[in-house]
Each structure stands twice: as structure tokens, then as C-alpha cells.
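> sequence and predicted structure are below.
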Amino acid sequence: MQKLLLLGDEAIAQAALDAGMSGMYAYPGTPSTEIMEYVQSSKQAASGNVHQEWSSNEKTATEAALGMSYAGKRAMVAMKHVGLNVAADAFINSAVTGVNGGLVVVSADDPSMHSSQNEQDSRFYGSFAMVPVMEPRNQQEAYDMIFDAFDLSERYRLPVLFRITTRLAHSRAAVVCRQKREQNRLTLPSNPRQFVLLPAIARKQYKALTSEYEKLRNDPTIEGYNRLTAGKGRGTGIITCGIAFNYLLENVAESIDDYHVLSVAAYPVNRDSVAHLVEMCDRVLVLEEGYPFIEAQLRGLLDRDVKVLGRLDGTVPRDGELNPSIVASALGLSLSEGREVPALVRQRPPSFCKGCGHADVYSALAGVMGEFSPGRVFSDIGCYTLGALPPYNMVNSCVDMGASVTMAVGAADAGLFPAVAVIGDSTFTHSGMTGLLDAVIKNSPVTVIISDNSTTGMTGGQKSQATDRLENICLGLGVAREHLRVIVPLKKNHEENKAIIRDELIYQGLSVILARRECIQTAARNKKAETAKKNNTGE
Amino acid sequence: MKCDIILAGVGGQGILTIAATIGLAAVERNLSLKQSEVHGMSQRGGDVQSHLRLSDSEIHSDLIPQGKADLIISVEPMEALRYLPWLGPDGWIVTSKVPYINIPDYPETDDIMTELEKTANSVVLDADMIARDLGSSKSGNMVILGAASKFISIPFEVLENAVRKLFERKGEEVVMLNLRALRAGREAAAGR
């Protein structure tokens, strides 16, 4: 069989294609972006006519995937962990409707917040929705597990949550592929009311879901992924979840037989396996990426039956991702250490690229905001959040996708004038439009600057749903034509842009300023691709 | 055999190209490989690193444990120092001496050099100048890879083949530029 060198993200994408997926849905978000990108560049996907367009946000993506599942075909939706908050309404209810074609929901968590605003643990969403959760230990297992995820989904008629974390998502290893499966044919649900969650139907289906969930604990596929190996003597038992197992092996590969280990990679966990482990040892160390999910369940409310070590008692740090050194000290092993980082080494935070249009937007805005007291700029999630850092120090909020507009509206409601929202084009079509409608209806005295670089920049330049549509969207929502201004953020327009921003800031109603200049990274990439195309056709 | 490498630099400097080259070569040699990368926010001019692990047996962790790396390959001198806690006692540093200054408090380059010299096993070279002399200012990363090649347990010809494969679709001229950079780097480091 074919052997490929793949990122964890790519292994998931290749597996889904090989397992007969008909549609991939996603909104870009680190560390999940490469799943959709892989499908988009796959010839196999193109020849199989697999759906591969970006969605406007994670909610629309999840709903579209559920629609494909309704029609009997296999679908996958991928997002970063905070994207699952956006998709939560669809996700939780998809467990109550159940699925028709297999549905896999990939959520990529980002412990240590390499590129995120929190480190929430998606496994809670899995138990909250009462669906199977799978958490592969390595790239090969991620590949193999996707086949089982689709099977489990079709067997139990439930969506399956596929949880990965940054290190697996963005680490490459060799993956051996399997025999490809055919896609499902279009088949509607046998029960025409399955997806109709009117209370009378929902009550029945919810009751069924609660009993199915208990059955999952004894499912052979799930149990098969959770391996209990007995060690020598009593001493410490260890429960690892997902990739934590690798960090354990990295430290004690030679002496692993000395430990009792339950290596978990699928949930819900069978109670007997845990009981078995606990009976064999005096205390249990829990190693898991993210929150103390298993650890807290093991401790229970009373926390007195089993001696548990983990994140809650400080054996493992309460926050941040795991690594081999953290696991070594949790095991009480001596640490190998290199030289300390010399004191002269400075922090090097990310910054705007040279020539970035967002930078010119902030320069112009800074030139005007100096006339008012500080604390008036609400921003959002994207490259332009970097306006929070020196030399601009302009941004007073960055909370969740779209919150710039609505927080500015709320602050204006409280009497803050002027109030400004700075949001990117892709973030605006993701979750800013509905907030803008609120502002239109109240004619909130807010200035919304949409810094339109015609791409989804931070995640590497994916297509933006907003491109060429922003004027029509804003006018359609009811923004007054005379207060919809378009500027080009360039140094040479600095004074003119400042004047326009000032005019709209002091206007006692809603204005939108579209600051439009293509992302220089995307522009350079497009130019390169064009040249390459020309050269190829020239031959 | 195991070879644990930390690749270091600033977002946009091309460390992932170095990683991809070694990766291709490792696959060619049938070695096990794990390569952890940084994507997302830091790629905008922040510090970036990649953990690249090669072995003839199974590799467990995607991350290299502290104090266990055999080699730090860096395209920027201050960034090389950032990963010293990972470097093993007999490990080597191969780095470019050309600073990438995008922060206001960047230290004196002389002080950085002094710190680098404290590690007995270090190769410090002006990769940009070597690349420019070859007429390809963008190939500094290949010069660095060439300089590091003798510390990577992969025959040089296999690395050359990987470069060829990686740049193939960009045309023969680009392939040759990168190969020349790779060889020049290897020669520049030969005397050390």
C-alpha cells in the first residue's frame, strides 16, 4: 500500500477521502486549516467530485455537513476548538437528530494557545452532546481511526467527534494508506421525521440518545482503542489520553513493563477498564492534553476513593500542552537539560508584514484617535489583532469572531462616543454581519472599519467569502450609502484616510469604512502562481 | 541511529523548506521521521521552530525532550540561542550570523556571537553572503542546510537528490541554484 509523509491534519484528510467521504466542510482556523487545504489540492478528491469549498463559518459548515449526511453520504467538518463554540448549536442537536450518512466532526484543540485565545478541551463537547470521541495517538492512528469513526457514526447513527491537538495536527510522519472505499449513494433517512426536532419527537430521540451513550462504553471499537497493560508490582498506574502516551514512551520505553498503563484514545471510557487499573495500583497518574477531563471524572466530587495525580494536584501543570520533560517530572524521573537561554535573547512576537495594509489602517486610525481619550477601539480575530502590539497599541479588545462590532455597539449603548470596531473581511462574513444588522436597526453611533485584505490572512491566505461582496452586504443590511466609505490603506493616502475616518467618527450614527488593499502575502503568492502558469503554458 | 534536530528562525525565513528537504531525504533512506512545525500566528515575523526527529527505530514523541537534541540548525543567530535548553551536551549548532532585526530591543550582534562561541560545537557563517556570491540571495537556507549536512546522518548525495525533487517543478535553474547553495554551505563548514 501507498506510504505518504503527512501532517496529522493531512492524514485525517487522506483517510476521509479513502474512507469514501463525499463532502468536506470547514472554516480556516489554526491548527485545523490543513485538513481542508489537503482535500482542495487532492486529485483524488477532484476526481471523486468531493465537495471542498470553504464555508462562511463553522456553524454553516457543520449544518451543511449534516445536510450531506441527511442525504445518506459521508461528510466531514473540521474546525479549530473555538470554532466548535460557533458550531455548538448544530453539533449538539445533530446528536439528537442523529445522522444518516457517516458524519465526523474534527475539532483541533490548541493547548498552550499557540494561535488561539483559549485552550478549551473539545472532549467536553463530546460528552455534553453524548457522542463518541476519538483522540488518535499518532498520525498513522489518525488515518486508521477515521475509517472507524465513519463506521461508528453509521452504526450508531451518531456524529463522531474527532479530537486532535496542535502537535499531532502539525507534525509530519509516514502514514501507510488502506484500500479505498466507495462513496455512499444518495439515500434519504428511512424515518422521514428523524431530523424534525419538534419537542414530541426530540423527547423520544433524546431518551434514545441517553441510552445509546451508555452502550458506547462497551462498544468493541472504542474499547479496542483503549489499551490496558498490566505492569509489575503495585506502585503507580498511569492513564494517558491521545498523544500523551508518546511522551510516556519517550521517557520509559525500556521500562514500560514496570508500569500499569491504560492508554486511552476513544471515549466514553469503559468503567471496568478503569476499575481494573485502579485495583492494580496505589495511585493513578493521569496524563492528558488540555483540561483534566478524565482526571476530574476519576476524582469525582468527593475525591477520596482513589489517589489521583495530575493537573488538579499540581503533579502536572494546570495549563499548557504536555511535552516529554513535563511527563518526566510527573514520573519523578531526573530531567535532562541543556544550557539555559542566555539573558540577551529577546521575545520576538509576531508582527505585521512589511507593507501590510492593516498597518496603514492603524497608522491612519492612530492619527485620529489621538484626538480622543484612549480605550475606544474594539477589534477582532485575525492578523489585524496585531494592532494591539507596539508601535500601534491601538486595540482594546479581541474576544471572539465578530465581537468587535457588537462590543462597540454595546459600549456605544453605554454612552461611549466615539466607538470604533476594526474587523477583517473574512471575520466580518463569518460573524460580523448579524452584529452590523443590530447596529443598523439602532443606528448606533459606531464606526465599523472593515480592513479588507481580500483573503483569510492569518491562516495562510484562504479564499474569503467577503471578496467583492462587502459593499452590497453592507448596503443590503441597511447601512446608509453616504456613510459607507471606501479607502485604500496606503502611506500616500494617509492624510485623506485620516480625514475620512475623522468625519465618520464624529458622525452620530452608524458608518462603515471599507479599507481595502490585498494582503501582500496573498498577492505575492498569486503573482508567483500566475508566472508559473505562464511558464508552463509557454513550454 | 537517531538524529534530533531543532530548526530555528523567524517566520518567513524558510526553515520549513530545510525541514522538507531533510524529510524527503529521510524517506529515501527509509528512516523513521517525525517533524513538528509551527503554523499560524507566529509565522508573521515571530520566532518559529520545528522539531525534526530521524531514527532507524520507532520514534515516540513529536517533540524532542530538553537536553537531547543533536543539532540546532538556525537561519538567525539569536534564534539559535533560544533553543539551547534542547541541545544535548555533545550537540552542534549550525547558524547563520546574519541578524533579522524586526524588534526594537534586538541585542548587540557581538554579544550574540560571544554567546554562540560558548558552545564549543558551533558553526557560524554568513549564509546570505555565500548565497549572494552564488547569485541567489534567497538560498541562504540551503547554504545553512549544506553547512549542517555533515552532522545529519544522511549521505550528502541523498540530500542533493531531495533538493532536486523539492525544487523540480520550479525548473532546472532553481534546482541548480539551490544545489550550488547546498554545496557551498557544505564546503564553508568543511574546515570546522
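Arrived safely. Residues are numbered from 1 along each chain as shown, chains lettered A, B, ... in the order given.
> run a quick neighbour tally on the closest residue to A:Asp257 other than its chain neighbours.
Distances taken as C-beta to C-beta, 6 or more residues apart in numbering or on different chains place A:Gly231 nearest to A:Asp257, at 5.7 Å, with adjacent residues excluded. To be clear about C-beta, it is placed using only N, CA and C from the backbone, and glycine gets the same treatment. By other C-beta atoms under 10 Å in any protein chain shown, the residues close to A:Gly231 number 18.
> gap between A:Gly231 and A:Gly370?
66 Å (C-beta to C-beta, to the nearest Å).
> again with A:Tyr143
55 Å.
> between these two, which is the more surrounded one?
The neighbour comparison of A:Tyr143 against A:Gly370 (other C-beta under 10 Å) goes to A:Tyr143, with 26 against 8.
> for chain B, what's the longest helix?
What stands out as the longest helix in chain B, according to DSSP state H, is helix B:172-190.
> buried residues, that helix. List them.
Neighbour-count burial for helix B:172-190 flags B:174-175, B:177-186, B:188-189 (criterion: 16 or more other C-beta atoms under 10 Å in any protein chain shown).
> make CSV from these and add pLDDT and distance to A:Val274 to it.
Converted to CSV, those look like this (pLDDT from 0 to 100; distance: C-beta to C-beta, whole Å):
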residue, pLDDT, distance to A:Val274
B:Val174, 93, 56
B:Val175, 95, 56
B:Leu177, 94, 59
B:Asn178, 95, 54
B:Leu179, 96, 56
B:Arg180, 96, 60
B:Ala181, 96, 56
B:Leu182, 97, 53
B:Arg183, 97, 58
B:Ala184, 96, 59
B:Gly185, 96, 54
B:Arg186, 96, 55
B:Ala188, 93, 58
B:Ala189, 92, 54
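> by contact count, what packs against the helix or strand that A:Ala421 is a member of?
Using DSSP states H and E, the element containing A:Ala421 is strand A:419-424. Under the contact criterion of 3 or more C-beta pairs under 8 Å, 6 or more residues apart in numbering or on different chains; DSSP states H and E, strand A:419-424 touches helix A:357-369, strand A:377-378, helix A:403-413, strand A:446-452.
> how many other residues sit next to residue 44?
Went with chain A since none was named. 12.
> the intended chain is chain B.
As a burial measure, B:Arg44 scores 21 neighbours (other C-beta under 10 Å).
> not counting sequence-adjacent ones, nearest residue to it?
Here the residue nearest B:Arg44, using C-beta to C-beta, 6+ apart, is A:Pro350, at 4.1 Å.
> quick check, the one you found in a helix?
No. Counting by DSSP: H, G, I helix; E, B strand; the rest coil, A:Pro350 is not found in a helix; it is coil.
> which residues does it contact?
Applying C-beta atoms under 8 Å, 6 or more residues apart in numbering or on different chains, we find A:Pro350 in contact with A:386, B:11, B:41-46.
> could you rerun that using 10 Å?
A:115, A:383, A:385-386, A:389, A:458, B:10-11, B:40-48, B:102 (C-beta atoms under 10 Å, 6 or more residues apart in numbering or on different chains).
> buried only: go through those residues for me.
Buried by 16+ other C-beta under 10 Å: A:115, A:383, A:385-386, A:458, B:10-11, B:40-48, B:102, out of the contacts of A:Pro350.
> ramachandran angles for the residue in the stretch 351-500 of chain A that chain B sits nearest to?
When you check the stretch 351-500 of chain A against chain B by C-beta to the nearest C-beta, the closest residue turns out to be A:Ser351, at 4.3 Å. Main-chain torsions, A:Ser351, degrees, to the nearest 10: phi -150, psi 170.
> I figured it hits A:Thr385, correct?
No. In this structure, A:Ser351 is not within contact of A:Thr385 by C-beta atoms under 10 Å, at 11.6 Å.
> any low-confidence regions in chain B?
B:42, B:192 (pLDDT under 70).
> what's the helix or strand for the residue nearest the centre of it?
Nearest to the mean C-alpha position of chain B, counting by C-alpha atoms, centre = their mean, stands B:Ile73 at 3.4 Å. For B:Ile73, the host element (DSSP H and E) is strand B:69-74.
> which helix or strand lies directly C-terminal to that strand?
Using DSSP H and E, the helix or strand that follows strand B:69-74 in sequence is helix B:77-82.
> can you pull out the helices in chain B?
For chain B, the helices defined by DSSP H occupy B:15-28, B:77-82, B:109-117, B:127-133, B:140-148, B:156-167, B:172-190.
> in stretch A:309-320, what's buried?
Across stretch A:309-320, burial judged by 16+ other C-beta under 10 Å covers A:309-312, A:315-316.
> wait, does that stretch contact chain B?
No. Using C-beta under 10 Å from any C-beta of the partner chain, stretch A:309-320 stays clear of chain B, coming no nearer than 12.7 Å.
> any residues touching that stretch, and which ones?
Against stretch A:309-320 from outside (C-beta under 10 Å, 6+ apart): A:111-113, A:119, A:236-239, A:244, A:283-296, A:298-299, A:303, A:307-308, A:322, A:326-327, A:329-332.
> returning to what we had before: nearest to A:Leu6, of the helices of chain B?
Closest to A:Leu6 of the helices of chain B is helix B:15-28 (C-beta to C-beta; 10.9 Å).
> tell me which strands the strand holding A:Ala421 pairs with, and in which orientation.
The strands beside strand A:419-424 in its sheet (DSSP bridges) come out as strand A:377-378 (parallel), strand A:446-452 (parallel).
> now the ones you listed as CSV including distance to A:Phe162 and mean neighbour count?
Supplementary listing: the strands paired with strand A:419-424 in CSV, determined by distance: least, C-beta to C-beta, whole Å; neighbours: other C-beta atoms under 10 Å in any protein chain shown:
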stretch, distance to A:Phe162, mean neighbour count
strand A:377-378, 34, 27
strand A:446-452, 34, 29
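> any chance of the ones you listed in JSON lines, plus mean pLDDT?
Putting the strands paired with strand A:419-424 into JSON lines (pLDDT from 0 to 100) gives the following:
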{"stretch": "strand A:377-378", "mean pLDDT": "98"}
{"stretch": "strand A:446-452", "mean pLDDT": "98"}
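> re earlier: for the residue nearest to A:Asp257, give me its contacts.
Contact analysis of A:Gly231 by C-beta under 10 Å, 6+ apart lists A:237-238, A:255-261, A:280-281.
> nearest to B:Glu28 among these?
For the contacts of A:Gly231, the nearest to B:Glu28 is A:Ile256 (31.3 Å; C-beta to C-beta).
> got a pLDDT number for the closest one?
Model confidence at A:Ile256, given as pLDDT, is 91.
> against chain B, how distant is it?
Distance of A:Ile256 to chain B, given as C-beta to the nearest C-beta, to the nearest Å: 10 Å.
> so that residue sits against A:Thr240, correct?
No. Here A:Ile256 lies out of contact with A:Thr240, judged by C-beta under 10 Å, at a distance of 11.2 Å.
> on that earlier part again, so which of the helices of chain B is the most surrounded?
Among the helices of chain B, helix B:140-148 has the highest mean neighbour count (mean count of other C-beta atoms under 10 Å in any protein chain shown), at a mean of 29.
> what helices and strands are in contact with that one?
Packing partners of helix B:140-148 (3 or more C-beta pairs under 10 Å, 6 or more residues apart in numbering or on different chains; DSSP states H and E): strand B:2-10, helix B:15-28, strand B:69-74, strand B:87-96, strand B:122-125, helix B:127-133, helix B:156-167, helix B:172-190.
> now check the second one, is it near chain A?
Yes. For helix B:15-28, a contact with chain A is found by C-beta under 10 Å from any C-beta, at B:19-20, B:23-24, B:26-27.
> show the model's pLDDT score for the residue nearest in space to the middle of chain A.
Nearest to the mean C-alpha position of chain A, counting by C-alpha atoms, centre = their mean, stands A:Lys80 at 0.4 Å. A:Lys80 carries a pLDDT value of 98.
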